[in-house]
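Participant: structure of the sequence below:
(5 chains, ligands or ions: 9)
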Amino acid sequence: MAEKESALLMKLSSAPHIRTGDSVTVIMWTVVAALMPAAVYSVYLNGLRALIVMAAAVAAAMAAEAGSQYLLKRKLSFHDGSAAITGLLVAMNVPPDAPVWMVVAGSLFAIIIVKQLFGGLGFNIFNPALAARAFMMASWPVHMTTGWHRFSQLNSLSGSLTNVFGLPPEVFDAMTQATPLTLVREGPRILHDFGLGAEALHRVLFSPEMLKSLFIGNVGGVIGETSALLLLVGGLILLVRRVITWHIPVSFIGTVAAVYFIYYTATGFEQAGAATLFQVLSGGLFLGAFFMATDMVTSPVTGAGMLIFGAGCGLVTFVIRTWGGYPEGVSYSILIMNALVPLIDRYVKPKVFGT
Amino acid sequence: MMNSIVKPTLILGLVALISAWVLSLVNSVTAPRIAQLQRDIRSRALETVLPGYTVEEEKKVTVNGKELTYWRAAKKIDEKTSRRGYAFIASGQGYSGEVQSIVGVDDTGRIIAISIVLQSETPGLGARCQELASKKTLAGVFLGGNNGPESTVPWFQQQFAGLDLNRKIQVLKKGDWNPDMQEELQQQNAISAITGATITSRTVKESIERGMEMLRSAESFTPPAEEAAK
Amino acid sequence: MSPTFRGGIHPPESKKVTEDCEFSNLSIPSKCFIPLQQHTGAPARPVVNIGDIVTEGQLIGASEGPVSANVHSSIPGKVVAIDTVPTVYHLQRAVVIEMEGSLSASASVRDKEDWRGMSREEIIQRIRDAGIVGLGGAAFPTAVKLVPPPDKKIDTLIINGAECEPYLTVDDVLVRTFPAEIVEGIQITLKALGIANAIVGIEDNKGRALRVLSGAVKGAAIEERIQVRGLKTKYPQGAEKQLIYSLLRRKVPSRGLPMDVGVVVQNVGTIYAIREAVAFKKPLFERYITVSGDLINRPGNYKIRLGMTVADIVEECGGLKGEPEKIIFGGPMCGVTVHTMDMPVVKGTSGILFLSKKQVSVEDFGPCIKCGRCVKACPVNLMPCDIASAVEVGRLDLAEGLSVFDCIMCGSCSYVCPSRRPLSHFVRLSQDRLRKKKK
Amino acid sequence: MNYWHEFVKGIWERNPILVIGIGLCPTLATSSSVSNALWMTLAATFVLVFSNIIISLIKGIVPPHLRIPIFISVIATFVTVVDLTLNAFQPEVYKSLGIFIPLIVVNCIILGRAEEFASKNGLVASTLDGLGMGLGFGLTLTVLAFFREMLGANKLLGLTVIPGFEPSSMMIIAPGAFITLGFMLWGMNAYNSRKKG
Amino acid sequence: MELKVFFMILIGTILINNYVLSQMLGLCPFLGVSKKLDSAVGMGLAVIFVMTLASFFTFIVYKFVLVPFGITFMSTIAFILIIAALVQFVEMVIEKISPVLYNALGIFLPLITTNCAVLGVAVLNLKSGFITAEMGLLKAVVQGFGAGVGFTLALVIMAGIRERLELAPISKNLQGLPINFIIAGLMALAFLGFSGMKI
Ligand SMILES: Cc1cc2nc3c(=O)[nH]c(=O)nc-3n(C[C@H](O)[C@H](O)[C@H](O)COP(=O)(O)O)c2cc1C
Ligand SMILES: Cc1cc2nc3c(=O)[nH]c(=O)nc-3n(C[C@H](O)[C@H](O)[C@H](O)COP(=O)(O)O)c2cc1C
Ligand SMILES: Cc1cc2nc3c(=O)[nH]c(=O)nc-3n(C[C@H](O)[C@H](O)[C@H](O)COP(=O)(O)O)c2cc1C
Ligand SMILES: Cc1cc2nc3c(=O)[nH]c(=O)nc-3n(C[C@H](O)[C@H](O)[C@H](O)CO)c2cc1C
Ligand code: SF4
Ligand code: SF4
Ligand code: SF4
Ligand code: SF4
Ligand code: FES
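Facilitator: Ligands and ions are numbered 1, 2, ... in the order given. As a prediction, the model looks like this:
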């Protein structure tokens, strides 16, 4: 590493002499604020437990940031909000009943191994929170795939899903314990045990009630993904405040919708529209598309690059959800595309004016 | 010119020859043992699932184009009576690949024991279907603490012993199995799924049920109730 | 929507302070420091000696070589020294004149001459004699610009009234105050170029100037085709490549000049000075500037004599409200900071700003977070983040592949960077280093 | 000739993995448990020692331009001996080491030693060199396996280490292997640069 | 139906069981040649080429020489010699036919002989049971090709990341191999997303 140029920056200072009011700290804490609607709602829905998990993850992330900056003799900047986001997102990516020690381990992994070893803020290749999720998934799969909260009965935002289709109570009970995407995979087998066909499942999954539940927020899932609506609100805050641009969310969500619609139509599925909507609203796609794929450090810098990145995320999400071993593909798709960002940035550059 | 091609070829040929000779010596010692081992795996599995039985013949039955390999076996009860037993290979698609087990059933259609012989499930999840309930710890071994008895049958597979294949087997989610649950589960003709690996658990159960269906087309079973009536 | 270009930024305009300040004259200073180089090119050669008595507008420095400009005395008096003084172009030789005698040579005093009767060469010679340079910032000798090489066919004159820099309002007020004069200046310049098409580009936020000038063009029954067009308010709308693209959709090639696409660009102030030089034979020894910023007591737009020092101007403008964090010659985006109150105003100085700590950025910079804002802001589509990161760790080889020489030094990238990285500074650094390496 | 030095150099100062940075695939793939690592060490050391011996014996009669093919043949012969023997007598080990037994052939530690050392030195020195290098390889492998098995399965040689601790199963699959080796190399670099002062 | 099998082999070798990131094969060239993107691409192409050919020839030799003569225990020796000869031969042919290609790939070819991924694919073709399978030869060749593509994919991604990291303030002791292993670990973590994929 060559010597830094700081010494060469004359005290006199060069133009320009005024700067935008946005600073890294402002941007980062804006993201934290934008995550709050979904986080607060999740605490309401999942109970105090979710709050404890989030607080522990954030504290661990900030402590890890401060500690590693101290040990690596870097400038202390743990309060700039980026570690807080990472911690918060680690927590928002685990089930509400996840053990506290696990999210703490996840936060430490995210900050120390994925971020600080690579040089700290701005230099990491992979999204720390998502790498931590993959780490926890590979390490403690049981804690990551169980402990969902069932569709809540006591919820003022959206009514609880009722057994309108008259399924046997045990079946309905079993089904509402899983996350919607797990249900898509496992539902047929559960129903099969009771001698029912898969159509019953589709009637439930793609019903307006289910879609409403997904959109407004009353489904089993990780802490952060229970309400598409509130994530959208947060995402719009980021768009309006110009923290993020439209490119990644639009191309990511757009690609998932387009590819699923084509897939459902091509396989002759009669509820293609509703099924596509189901896919768009579930599995933390909004959380990923607005808050995680948009992490600027790990996404391309140019608009065109972002469009490619978003489309790639959408495509990989589709592939993993449809054929992969995991029911949910958003987090892995973003991680995989993170790895491609240096290549995208290298080849997708704006054409220099006048050339 | 000639020399530059022929000589190296000869030398290399010689090297290869020596090597082939050495290896064929080694091979002559190892080959029979390798073949023996391969046979053993199957016979040991059969012993596990049909304890006390003598295997009489290997048979195949084809139902709807699908083939099932099974073995007929018999166990002497006393001089006059002997009971039949069967073992078959049940196979199904698990979470990340084929899960194969050998299942022993008696002539009433009750499972004697099962043994999962092949799986490639996720370590820590589905792969726990072969996990032994060992409590041995490092400290225990070195400091001589209480390590508890070690079981030889994986706990997941142990649940199947005694289940009645004339009824549907239920897959419940009661958390990891322990001996205290045994009685209740037996009453419900159920197993408790491996935590977080319901798919694997279900696959084993379904493959056994499917295998039994096929076996029924070749052999007859007397359900326990009818037997009692007799 | 008004025409514009890709990229650019929207800094706070801060023009309210002075946009309604009509021009007024500052008192003539008793001592002027007139640098011999106030332009791009070679310094002028002094033609007076210490002790000489000079009149207002007398030639004191003669242009040297093909790209240079004459320098004139801005006050009558005695040459007391020819000395090295600090200027915005670093240390320069300057003629120091102490006021003596009376004022006589201001333009209104002379009679207006009929420029229509003059030949092109005659007009250009007058411009050259008057020492006119671009008043828009770059201070390139105007006469040189008006005589393009024969293989470059010029078809359009663009008048730059964009004034996209925050705080500055001098061009705006100039257009509103002297619309007819500017139209006449355009006609003179068109004649000098031997063409008939001119477009004046003015940002939308200066509606009054747009209206007044359009009126003046309509009012004067003229044979030339002069259009007045509004431009989207966006920095750096006034940069010539961006301006040409906005108005004509022509792209000046990489590392090329406006004349490569048949255009000559002149600032409105330059046009005004051309008229005075040609029709009144008045040399460039005074100009209008904006004095602004939150720390000056009487901000406004003033006519001042070149060579007047910052200290004199501060005194004339009612003094300062406090210790300025930065004193800037020019606008806050492109301007340069000065470190002494003895700095003289030169031809290219369009404004002086006195800014407090509140107004300017003094924070330390952090690492690049790859937000891409600089890429989005760069009007020439560079990747300032990559250039800066490469230079920061001494990887000139990487910077070289990133077209650093296409940078127009607008500073947009630095302005938007949330990590406060001095991006344009790093780009300039890479240019300097690469040039040195080539040598 | 200092025989002691020929033996110990492979363990630290010229450690094939940590210092020379070769033989990485078997190192990573067979370090998921200490028992795998020990068996791999045994297998690789066997091949190293015997191929070194044979090569130092025949070094005089090998035509120079046929060196490499002949060395590879010798190595491959011993690898096959190991392969067949493990398959016959240690089927469990054979199964868990998988294709990394035949791949010992391309492990450049072995070819590298043949080329660099055994083809130039005598029988005793070559044997000791093989043993030392094998030990150096094995020691690194075992330390790596120690961390991976302990953190990834909470086990050592099949015995639970800390009852109640929930291990991170990532450590026993590929990502854990890479990351752990990364940390080991980091530690090695830090140690060396501290020693240099 | 058959097409699906081949597609699955490709997906399997490229994404699910990527040779580098999941099977941990071919690491020496993966770490050695990923410093510059250009050379990574060159190396990748060379490996795809050699792996495909190696799959073909080792399969033929195994099925039509080793099995009939009952000397399957000689397979390791046979394979490594085939690969060495193949690389030599390819090098000669390319040099004759296309000097341009030779200049691009030439320096990488000798490196490939000792790349365990190439021997690995030959051995894995045996373990996958292709020898007795229907269309086994084609399956083996597809597997060889896919493995090469998977290797190249990982290599190129790695090179991109390493070029970017040249600008990062990574601690001195961590630079080089240590951080590269950690990157590889995180890439492997990301690729876990493809695990358990079935079409
Ligand atoms: C949610 C959202 C989606 C958008 N989608 C598009 C789109 O698909 N195509 C487009 O050209 N502009 C779209 N825009 C408009 C852009 O915000 C903006 O106008 C465009 O990036 C031009 O930026 P510029 O002014 O920097 O050139 C979208 C805006 C939002 C908020
Ligand atoms: C990384 C990963 C690995 C998995 N491996 C298995 C497995 O081996 N066996 C299995 O049945 N389900 C596996 N699953 C599926 C989920 O655990 C699924 O939610 C589970 O089968 C549902 O069981 P539960 O109802 O006990 O939570 C895996 C899921 C993930 C994300
Ligand atoms: C970033 C940037 C912004 C500029 N903005 C203006 C402007 O607003 N008005 C202007 O007259 N010249 C501006 N200029 C200078 C013009 O590019 C050009 O040099 C000038 O208009 C030429 O006219 P002149 O020779 O009469 O000064 C700018 C230059 C740069 C690099
Ligand atoms: C819009 C936005 C999204 C972010 N998303 C993430 C994220 O998904 N995961 C994370 O660890 N940090 C996230 N951060 C914080 C920060 O950029 C991240 O810690 C860097 O990757 C660390 O270098 C985000 C920041 C912003 C401004
Ligand atoms: S000097 Fe400033 S105000 Fe003038 S044109 Fe340039 S940027 Fe615009
Ligand atoms: S790189 Fe140059 S042209 Fe681009 S925004 Fe920065 S200063 Fe302006
Ligand atoms: S604006 Fe600053 S932080 Fe953003 S990409 Fe550019 S240099 Fe990096
Ligand atoms: S010979 Fe094998 S182990 Fe050694 S460096 Fe080469 S590829 Fe790696
Ligand atoms: S490539 Fe080196 S050991 Fe595998």
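Participant: next, give phi and psi for residue C:84.
Facilitator: phi -90, psi 120 (degrees, to the nearest 10).
Participant: in this structure it contacts residue C:90, no?
Facilitator: No - here residue C:84 does not reach residue C:90: they are 10.0 Å apart, not a contact under CB atoms under 8 Å. C-beta coordinates here come from the backbone N, C-alpha and C atoms, glycine included.
Participant: neighbour-wise, which of those two wins?
Facilitator: residue C:84 (11 against 7; other CB atoms under 10 Å in any protein chain shown).
Participant: for the residue most central in space within chain E, give me its contacts.
Facilitator: Nearest to the mean C-alpha position of chain E, by CA atoms, centre = their mean, lies residue E:148 at 3.8 Å. The contact partners of residue E:148, taken as CB atoms under 8 Å, 6 or more residues apart in numbering or on different chains, are E:44, E:47, E:48, E:49, E:50, E:51, E:52.
Participant: which element, helix or strand, includes it?
Facilitator: helix E:136-165 (DSSP states H and E).
Participant: all helices for chain B, in order.
Facilitator: B:2-49, B:138-143, B:155-158, B:182-188, B:198-216, B:224-229 (DSSP state H).
Participant: returning to that earlier point: now the next helix-or-strand element following the helix holding residue E:148, how far from the chain's geometric center?
Facilitator: Toward the C-terminus, helix E:136-165 is succeeded by helix E:177-191 as the next helix or strand (DSSP H and E). The chain centre lies 18 Å from the centre of helix E:177-191; the measure is CA atoms, centre = their mean, to the nearest Å.
Participant: do stretch C:353-362 as well
Facilitator: That offset, for stretch C:353-362, works out to 22 Å (CA atoms, centre = their mean).
Participant: what comes into contact with that stretch?
Facilitator: Residues contacting stretch C:353-362 (CB under 8 Å, 6+ apart): A:13, A:17-19, C:167, C:291-296, C:314, C:320, C:322, C:324-328, C:331-332, C:335, C:420.
Participant: of these, grab the buried ones for PyMOL.
Facilitator: Per 16 or more other CB atoms under 10 Å in any protein chain shown, the buried members of the contacts of stretch C:353-362 correspond to this PyMOL selection:
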select buried, (chain A and resi 13+17+18+19) or (chain C and resi 167+291+292+293+294+295+296+314+320+324+325+326+327+328+331+332+335+420)
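Participant: and stretch C:413-428, anywhere near chain A?
Facilitator: Yes - applying CB under 8 Å from any CB of the partner chain, one finds stretch C:413-428 in contact with chain A at C:414, C:415, C:416, C:417, C:418, C:419, C:420, C:422, C:424, C:425, C:426, C:428.
Participant: what is the neighbour count of residue D:98?
Facilitator: 16.
Participant: any idea how far it is from residue E:55?
Facilitator: With the distance defined as CB to CB, to the nearest Å, residue D:98 ends up 18 Å from residue E:55.
Participant: now stretch C:90-105: buried residues?
Facilitator: C:92, C:93, C:94, C:95, C:96, C:97, C:99, C:105.
Participant: skip the chain neighbours and tell me the closest residue to the fifth one.
Facilitator: What it means is residue C:96. residue C:81 (4.2 Å; CB to CB, 6 or more residues apart in numbering or on different chains).
Participant: the helix or strand encompassing the one you found pairs with which strands, parallel or anti?
Facilitator: Here residue C:81 sits within strand C:77-87, counting by DSSP H and E. Strand C:77-87 pairs in its sheet with strand C:53-54 (antiparallel), strand C:90-99 (antiparallel), by DSSP bridges.
Participant: quick one: contacts of it?
Facilitator: By CB under 8 Å, 6+ apart, strand C:77-87 touches C:31, C:33, C:35, C:37-38, C:46, C:48-54, C:60, C:91-101, C:338-340, C:342-344, C:346.
Participant: and the helix or strand of chain D with the lowest mean pLDDT, does that touch ligand 9?
Facilitator: Least confident element among the helices and strands of chain D, by mean pLDDT, DSSP states H and E: helix D:108-113 (a mean of 78). No - using CB under 6 Å from any ligand atom, helix D:108-113 never reaches ligand 9; the gap is at least 6.9 Å.
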